[in-house]
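Trainee: could you look at this predicted model? Sequence included:
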Amino acid sequence: MLMHKDVEEILVSQEQIASKCQELGKQISADYEGKTPIFISLLKGSIPFCAELVKNIECPMEMDFIDVSSYNGVSSTGKVTIKKDVSSDLTGRHIIFVEDIIDTGLTLSEVIKYYKNKNIASYEIVALIDKPEGRKVEGLNQKYIGFNIPNKFVVGYGLDYNELYRNLPYVGVLKRSVYEK
Ligand code: IMP
């Protein structure tokens, strides 16, 4: 696949993502043996990752989706609102939050704060990408991480810049000239 003209470098290829999803899937399946976790995917960015990941889950599982807004352009607004909630009853359930990327950690920490009060049995986080240098919250305890990357703005595999580039089959660094016009 040719690199998109607005991408300066591919950080994680489609092949690397597929093989990482197999690895994570194996680990999660073993950790949740005998349980039926519910994967709560954060719309819209985590959809391609979630779709690839769940193909590798071997224990019984369910899926649900939430929509949370926190970003506008390339920097975090720090304000998190839940625009769409789950449709399942989460009482007594083992939750796995599926996220495309963790940067400041504000989104997931707010989401977790909200769902922790719903009498859930447990929760963990699985994220395709982590940018640890961007972290502004402590104690997120993200258990399952695909790839650690430097603090650069990336697009592709669900990740967007103003809703574009989600369809790219890899994760790549967006050229600065695109958002510094
Ligand atoms: P956090 O709250 O700062 O951890 O950011 C989480 C959300 O910000 C992700 O779900 C993404 O929607 C968005 N985000 C953070 N970094 C990037 C990036 O490099 N590219 C695209 N979206 C990003």
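Mentor: In hand now; what should we look at? Residues are numbered from 1 along each chain as shown.

Trainee: now for Val86: which residues touch it?
Mentor: 40, 64-66 (C-beta atoms under 8 Å, 6 or more residues apart in numbering). All C-beta spots, glycine's among them, are computed from the backbone N, C-alpha and C.

Trainee: for Thr81, same thing?
Mentor: Per C-beta under 8 Å, 6+ apart, neighbours of Thr81: 68-69.

Trainee: could you give the bridge partners of it?
Mentor: Ser69 (DSSP bridges).

Trainee: hang on, the earlier thing: could you single out the nearest of the contacts of Val86 to Tyr114?
Mentor: Ile66 (9.2 Å; C-beta to C-beta).

Trainee: on the three-state scheme, the closest one is what?
Mentor: Ile66 falls in the strand class when you classify it by DSSP: H, G, I helix; E, B strand; the rest coil.

Trainee: measure it to Lys116 for me?
Mentor: According to C-beta to C-beta, to the nearest Å, Ile66 and Lys116 sit 14 Å apart.

Trainee: can I get the longest helix along the chain as CSV, trimmed to CA atoms?
Mentor: Using DSSP state H to define each element, the chain has its longest helix at helix 14-31. What follows is helix 14-31 as a C-alpha-only set of coordinates in CSV (Å, rounded to 0.1, in the frame of the first residue of the first chain):
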residue,chain,number,x,y,z
GLN,A,14,-1.1,-3.3,8.9
GLU,A,15,0.9,-6.5,9.3
GLN,A,16,2.3,-5.4,12.6
ILE,A,17,-1.2,-4.5,13.9
ALA,A,18,-2.7,-7.9,12.7
SER,A,19,0.0,-9.8,14.5
LYS,A,20,-0.2,-7.7,17.7
CYS,A,21,-4.0,-8.3,17.7
GLN,A,22,-3.3,-12.1,17.7
GLU,A,23,-0.9,-11.7,20.6
LEU,A,24,-3.2,-9.5,22.6
GLY,A,25,-6.2,-11.7,21.8
LYS,A,26,-4.3,-14.8,23.1
GLN,A,27,-3.3,-13.0,26.3
ILE,A,28,-6.9,-11.7,26.9
SER,A,29,-8.5,-15.0,26.1
ALA,A,30,-6.2,-16.7,28.7
ASP,A,31,-6.8,-14.0,31.3
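
Trainee: buried set for it?
Mentor: 14, 17, 20-21, 24-25, 28 (16 or more other C-beta atoms under 10 Å).
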